[in-house]
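[1] Turn this into a model:
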Amino acid sequence: AVYYPAGQTTEPLDGATVAVPPSHMALYTFAYNDNISFQWFAPAGLTRGVVQNASAVGHITTEGEFKAISLTQGQRDAMYTAKLNPITTFPGQGTIVFGQKTLHSTASALDRVNVRRLLIQLKKFLGDQARNLVFEQNTVATRNRFLSVVNPYLESVVQRQGLYTFRV
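    Modelled structure (predicted):
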């Protein structure tokens, strides 16, 4: 995923104001999202997309100074169409990550950050469980051992709104 624009924040060591790349704000927002919900919830919008580690968004001028900007709705819409996630400031609501598009080449559920992160999580879990069964006999007992771990986990993902249903 790609985010725009850069941000302005305070350096924790000496209190200096510094410019940070958009990835700085986006990754912090991912962590905030995961702290209050789950990876499969969108790290964007007014609930989970609040940027807590920047005081302004903008860019560095040719003179080397940070210039705060405010993206219009038209600019945000054009950016989103181009798979660029806007980070913008809404009066009274703060700085917000207002998009979650990935660079996936075709329009599908996979072009959303939250869906991609869910799939990464599931792939890791299923891979870890399958690794325990490598070189085991392909028997009903082995398959049942796998299912006895995988099905409860996937059911917990359903209960936490990550999936609607599943079949192993």
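[2] Around the residue lying closest to residue 9 once chain neighbours are set aside, how many other residues sit close by?
    Spatial nearest neighbour of residue 9, chain neighbours left out: residue 54 (4.8 Å); criterion: C-beta to C-beta, 6 or more residues apart in numbering. The C-beta positions use only the backbone N, C-alpha and C, and glycine is treated the same way. Using other C-beta atoms under 10 Å, residue 54 is surrounded by 23 other residues.
[3] what stretches of this structure score poorly on pLDDT?
    Residue ranges of the chain with pLDDT under 70: none are present.
[4] quick one: the helices in it?
    22-36, 45-48, 73-81, 113-131, 140-159 (DSSP state H).
[5] Out of the ones you listed, which one sits most buried?
    Most buried of the helices of the chain by mean neighbour count (mean count of other C-beta atoms under 10 Å) is helix 22-36; its value is a mean of 18.
[6] what packs against that helix?
    Applying 3 or more C-beta pairs under 8 Å, 6 or more residues apart in numbering; DSSP states H and E, we find helix 22-36 packed against strand 3-4, strand 6-10, helix 45-48, strand 85-90, strand 94-97.
[7] quick one, what contacts residue 53?
    The contact partners of residue 53, by C-beta atoms under 8 Å, 6 or more residues apart in numbering, come to 7, 9, 20, 24-25, 28.
[8] Out of the helices of the chain, which gets nearest to residue 1?
    helix 113-131 (5.3 Å; C-beta to C-beta).
[9] CA atoms only: put stretch 73-91 into CSV for me.
    C-alpha atoms of stretch 73-91 as CSV (Å, rounded to 0.1, in the frame of the first residue of the first chain):
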residue,chain,number,x,y,z
GLN,A,73,-12.4,15.5,-1.4
GLY,A,74,-11.6,15.6,-5.2
GLN,A,75,-7.9,15.1,-4.5
ARG,A,76,-8.7,12.3,-2.1
ASP,A,77,-11.0,10.6,-4.6
ALA,A,78,-8.4,10.9,-7.5
MET,A,79,-5.6,9.5,-5.2
TYR,A,80,-7.8,6.6,-4.2
THR,A,81,-8.6,5.8,-7.8
ALA,A,82,-4.9,5.7,-8.5
LYS,A,83,-4.3,3.3,-5.5
LEU,A,84,-2.8,6.0,-3.4
ASN,A,85,-4.2,6.2,0.2
PRO,A,86,-4.7,9.7,1.4
ILE,A,87,-3.8,10.9,4.9
THR,A,88,-5.7,14.0,5.6
THR,A,89,-6.8,16.3,8.3
PHE,A,90,-10.5,16.8,9.1
PRO,A,91,-11.4,19.8,11.2
